[in-house]
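> Need a 3D model of the following:
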Amino acid sequence: MDEATTQEPQSEARGTRKTRVGEVISSGMNKTIVVRTVTRVPHAKFGKIVKQKKKFYAHDEESKAKAGDTVRIMETRPLSKLKRWRLVEVVQK
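This is a model prediction of the structure:
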């Protein structure tokens, strides 16, 4: 068989990228925002639903998002020491 016909297209082989929705808590840096996401998970031992908060540094090329906005971010290649996410859209102002 020919190898070119058995391989999948590159976009399908890579898979889907992770996305998160969260609130912008800082937009003071140049082309960078800090997004806090809140996930609800059951506690490992007791089973009670607890909130987990996590901060993500995301690239905002056009500086569209401001503090307090709800945004959607997507995983991307490393852009700096901390930035591994980029802004997809501002969900709510």
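
> Please name the residues that touch Arg20.
When the contact criterion is CB atoms under 8 Å, 6 or more residues apart in numbering, the partners of Arg20 are Val35, Thr37, Phe56, Arg72, Ile73, Trp85. For the C-beta atoms, the positions are set from N, CA and C on the backbone; glycine is no exception.

> Oh, that last question was meant for His43, not what I typed.
Ile49, Val50.

> Quick one, grab the pLDDT at it.
What the model reports as pLDDT for His43 is 97.

> again with Glu8
48.

> So which of the contacts of Arg20 sit within strands?
Using DSSP state E, the members of those that fall within strands are Val35, Thr37, Phe56, Arg72, Ile73, Trp85.

> Quick one: buried ones out of those?
Val35, Phe56, Ile73, Trp85 (16 or more other CB atoms under 10 Å).

> Switch the residues you listed over to JSON lines; also include pLDDT and distance to Ala67.
Output for these, formatted as JSON lines (pLDDT from 0 to 100; distance: CB to CB, whole Å):
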{"residue": "Val35", "pLDDT": "97", "distance to Ala67": "11"}
{"residue": "Phe56", "pLDDT": "97", "distance to Ala67": "15"}
{"residue": "Ile73", "pLDDT": "96", "distance to Ala67": "15"}
{"residue": "Trp85", "pLDDT": "96", "distance to Ala67": "17"}
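
> if we can go back for a sec, return the member of the ones in strands among the contacts of Arg20 nearest to Gly15.
Among the ones in strands among the contacts of Arg20, Trp85 lies closest to Gly15 (CB to CB), at 16.6 Å.

> what bridges to the closest one?
Counting by DSSP bridges, Trp85 forms beta bridges with Ala58, Glu75.

> For the chain, just list every one of the strands.
For the chain, the strands defined by DSSP E occupy 19-26, 32-42, 49-59, 70-75, 85-92.

> Measure how the third one sits relative to strand 19-26, angle-wise.
Read it as strand 49-59. Relative orientation of strand 49-59 versus strand 19-26 (axes from the mean of the first three to the mean of the last three CA atoms, to 10 degrees): 80 degrees.
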